[in-house]
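Peer 1: Sequence first, predicted model second:
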Protein chains: 2
Amino acid sequence: MPKKGRATSVDIAHLAGVSQATVSRVLRGSPLVSAETRRRIEELVRQYNYKVDKHASSLRTQRASTLALLLFEDPSPDESHINPFFLSMLGSITRACARHGQDLLVSFQQFSDDWHADYEDSKKADGLILLGYGDYLAYEEKLRKLVEQGTHFVRWGAVLPDQPGVSIGCDNFDGGRKVGAHLAERGRRRVAFLGEASSGCPEFLERRRGCEEALREAGGAVVAQFDAVSSEDAGASAARALLESGTAFDAVFAASDLIAIGALGAFAEADVRVPEDVALVGFDDIPIARFTRPALTTVFQDTQRAGELLVDSLMRLIRGESVHSEMVPAQLVVRQSA
Amino acid sequence: MPKKGRATSVDIAHLAGVSQATVSRVLRGSPLVSAETRRRIEELVRQYNYKVDKHASSLRTQRASTLALLLFEDPSPDESHINPFFLSMLGSITRACARHGQDLLVSFQQFSDDWHADYEDSKKADGLILLGYGDYLAYEEKLRKLVEQGTHFVRWGAVLPDQPGVSIGCDNFDGGRKVGAHLAERGRRRVAFLGEASSGCPEFLERRRGCEEALREAGGAVVAQFDAVSSEDAGASAARALLESGTAFDAVFAASDLIAIGALGAFAEADVRVPEDVALVGFDDIPIARFTRPALTTVFQDTQRAGELLVDSLMRLIRGESVHSEMVPAQLVVRQSA
DNA sequence: CTGAAAGCGCTTACAG
DNA sequence: CTGAAAGCGCTTACAG
């Protein structure tokens, strides 16, 4: 007869006529319990809907069994929508956490110096998963600090030499190369790049560089770049700027699908036909890419695999095992726009 | 000199030459501390990067200061993408939690009997936010159980009489009515509804009923319904079925934007022009709706407001205050498709 | 304004 | 295989 409130292991122990320690053993799956005792306790546990208290357990074991996902987007600090690609990562990360028996704390925030403090110091989480866009230069400094502090973290992003910490990312260079090769094969030679390819945005930079390499081999080139953060609006503006610049081009490589979708709108307004007048390729393969008109040719990143890798790497880091950065393959998805 | 590992309040107390209780008081913002002592302790706290241990604190206070967001989607148990509308809710819920000083645990799952057990019994969370589509009939049973068990929860969904627990939802009926009125005003009289409007899906049913009412006043009607869950593929199939059925119609009301986008694709394939041949209206105003071709006329639900309301209601429920269901207004957004 | 002390609900060495 | 006991790091009534 547990009193008001939820039953505790002491209540269950009384009911079963054993010590509280034995109840705890059963719940932790210890082999040091007789089958009969175990059965009796499990029955009571079910009957009273007893669950181990997470806080008591975590306090005792010094493990939160919780991971924190920090999503940040520098360009759009407004209240609105998050990049759908990140959201698909969120989905796969959630599922990977469930498989690993970890709870997942989620937070959207601006770049912060307190990531570490907020989660690991307070022991809310055993480690952090960092997911976001933003100026990598500013970001790197913070990563370095996290490493110094011994924070357990993994990040999704460009995988480059000499980066602080562990990164999991798509093979952006190879993805770009596949786009360049495809465009060349379709007879396109003058490609405009839409997106900020600079050292502040290494993912985009790698995509552009890969594309350039493939193009060069075929006698083509990236003839212009118009900066854009990853949003439809930025993509539309960049495409309009491209059109107004008078640059001669026969293809556009948008650094992300969101940018490509914005460009698609700008081209339609200007009566530029895709793919007849200009071939258009995006990157990310967000769900909607199959449903644009024309359907978007783009690069698929295996978010399922990435989520699993992120969680798995982080857990190994937490256990003190050695972990290295890793890339997930990029795969060209040819649809109608190029 | 805190030993290895993070500093505890005991370490800080030693360093400051006070008792551990005093440190705790400072950190909880108790007025029972002299200004001088407070200052000294705060300095040390900063210097040693000390944070209150969440588990110890929660164990002692019996409050997790954490909310759990359970996202479930019945129709697509596959690994893939989550409805973007829910994701935008997730964004606003996260921010609302931050404002209220609550951590947010996120989980995607199938319908489960263990929602309660998994989160509140184990004290991982003080309350649950339920977000998802699925067969309401099956769902209602579970809600009833949650109420019986005294679980603190709020759900996003249709707000109807006699529902168990607290619901926050859009005014679906009024949203539907606005769609019907707009279509009628545009001279459309024969509207096909795409989406499963049944008692298993009360949101869609309300949307359809609202639309019918407005249409009736104008001499129009909903002439057909083709079921679809909320996805592009289901929308495309439903639209094709509509076309094949030979029904005469001059407008389509899709129960969600995802369905509308699928229908847009199917119409394009069949050379049915939107809005010339058929006017098309969606529901949700997901970010991409502005960028489809033609841009989608749809119904906006204030997710910002909804997220705040959900969190606020749940917290009041947790504090034992009385809370009632509430609706968020629906707003027609006219673009090009109708 | 401050400290000593009890206790939140577990886990796990230790002893049997 | 089982129990008694210590202790994880806090918060808060109680006493001064």
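Peer 2: Cool, the structure landed. This is a predicted model, so every value here is computed, not measured.
Peer 1: where does chain A dip in pLDDT?
Peer 2: Residue ranges of chain A with pLDDT under 70: A:1-5, A:73-82, A:110-117.
Peer 1: Report the separation between residue A:152 and DNA strand D.
Peer 2: 17 Å (C-beta to the nearest atom of the strand, to the nearest Å). Every residue, glycine included, has its C-beta placed from N, CA and C.
Peer 1: quick one: that residue and residue A:128 touch, right?
Peer 2: Yes. The pair residue A:152 and residue A:128 qualifies as a contact (C-beta atoms under 8 Å) at a distance of 6.9 Å.
Peer 1: Show me the domain layout of chain A.
Peer 2: A:9-52, A:66-170+A:303-329, A:172-301 (automatic domain parsing).
Peer 1: As JSON lines, the ones you listed with distance to DNA strand C and mean neighbour count would be great.
Peer 2: Converted to JSON lines, the domains of chain A look like this (distance: least, C-beta to the nearest atom of the strand, whole Å; neighbours: other C-beta atoms under 10 Å in any protein chain shown):
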{"stretch": "domain A:9-52", "distance to DNA strand C": "3", "mean neighbour count": "16"}
{"stretch": "domain A:66-170+A:303-329", "distance to DNA strand C": "13", "mean neighbour count": "19"}
{"stretch": "domain A:172-301", "distance to DNA strand C": "38", "mean neighbour count": "22"}
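Peer 1: Turn the ones you listed into a markdown table, including distance to chain B.
Peer 2: Formatted as a markdown table, the domains of chain A follow (distance: least, C-beta to the nearest C-beta, whole Å):
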| stretch | distance to chain B |
| --- | --- |
| domain A:9-52 | 4 |
| domain A:66-170+A:303-329 | 4 |
| domain A:172-301 | 4 |
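Peer 1: Looking at those domains, which is nearest to residue B:249?
Peer 2: Of all those, domain A:172-301 sits nearest to residue B:249, with 21.5 Å by C-beta to C-beta.
Peer 1: measure that closest one end to end?
Peer 2: Domain A:172-301 has an end-to-end distance of 9 Å (criterion: C-alpha to C-alpha, to the nearest Å).
Peer 1: quick one, strands of the stretch 151-300 of chain A?
Peer 2: A:153-156, A:166-170, A:190-194, A:221-226, A:251-254, A:279-281, A:298-301 (DSSP state E, counting those that start in this stretch).
Peer 1: which bits of the stretch 1-150 of chain A sit near DNA strand D?
Peer 2: For the stretch 1-150 of chain A, the contact set with DNA strand D under C-beta under 7 Å from any atom of the strand comprises A:17-22, A:25, A:31-37, A:56, A:59-60, A:62.
Peer 1: rerun at 10 Å
Peer 2: Within reach of DNA strand D by C-beta under 10 Å from any atom of the strand, the stretch 1-150 of chain A has these residues: A:13, A:16-26, A:30-38, A:40-41, A:55-62, A:121-123.
Peer 1: and if you look at the stretch 201-338 of chain A?
Peer 2: For the stretch 201-338 of chain A, no residue is in contact with DNA strand D (C-beta under 10 Å from any atom of the strand).
Peer 1: export the domains of chain A to TSV and tack on distance to residue B:205?
Peer 2: Formatted as TSV, those follow (distance: least, C-beta to C-beta, whole Å):
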stretch	distance to residue B:205
domain A:9-52	34
domain A:66-170+A:303-329	28
domain A:172-301	26
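Peer 1: how about the residue nearest in space to the middle of chain A, phi and psi?
Peer 2: Nearest to the geometric centre of chain A sits residue A:89, at 4.3 Å (C-alpha atoms, centre = their mean). For residue A:89, the backbone dihedrals are phi -60, psi -40 (criterion: degrees, to the nearest 10).
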